[in-house]
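# have a look; sequence and predicted model below, questions after that.
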Amino acid sequence: MALPVVYRRKVGRDLAGGYAWYNGKRDGLGEEFLAAVNSAFDTIERFPDIFARVHGEVRRAVVSRFPYAVFYSVETKRVVVLTVLHTARDPRIWPQPRKIVR
């Protein structure tokens, strides 16, 4: 069941930071990072219920090849991507569940 995906503003900053860091390590690695994250986004859009809940209704999709995870919630008519975080970050900063819009 494909649902439209919306992204919180923070996601753009998350991606820009990861892109800059990886591209600073090797030219072109930033683009590979973005491609891996986009692949996770595609999977989330096509199969929103496939990934496990990690906190209330918040789910986590691990990004392949890079130590990042996409945190999102599934609502009735859409999927909301909350943040993209490095997996070494303190779990206390993971997104907290919010009231789901039905």
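Noted; the coordinates are in hand. Just so it is clear, the model here is predicted, and its values are computed rather than measured.
# tell me which element the residue nearest the centre of the chain is part of?
In the chain, the C-alpha nearest the mean C-alpha coordinate belongs to Val70, at 2.0 Å (CA atoms, centre = their mean). When secondary structure is defined using DSSP states H and E, the element that contains Val70 is strand 68-74.
# that strand pairs with which strands, and in what direction?
strand 58-62 (antiparallel), strand 79-86 (antiparallel) (DSSP bridges).
# buried stuff in the first one?
For strand 58-62, the buried set under the neighbour-count rule, 16 or more other CB atoms under 10 Å, comprises 58-61. For glycine as for every other residue, the C-beta is placed from the backbone atoms N, C-alpha and C.
# the bottom helix or strand of the protein by mean pLDDT?
Least confident helix or strand of the chain, by mean pLDDT, DSSP states H and E, is strand 53-55 with a mean of 91.
# other SSEs contacting that one?
Packed against strand 53-55, as judged by 3 or more CB pairs under 8 Å, 6 or more residues apart in numbering; DSSP states H and E, are no other helices or strands.
# start at 43, not 1
Happy to do that; since the first residue is 43 now, the last one works out to strand 95-97.
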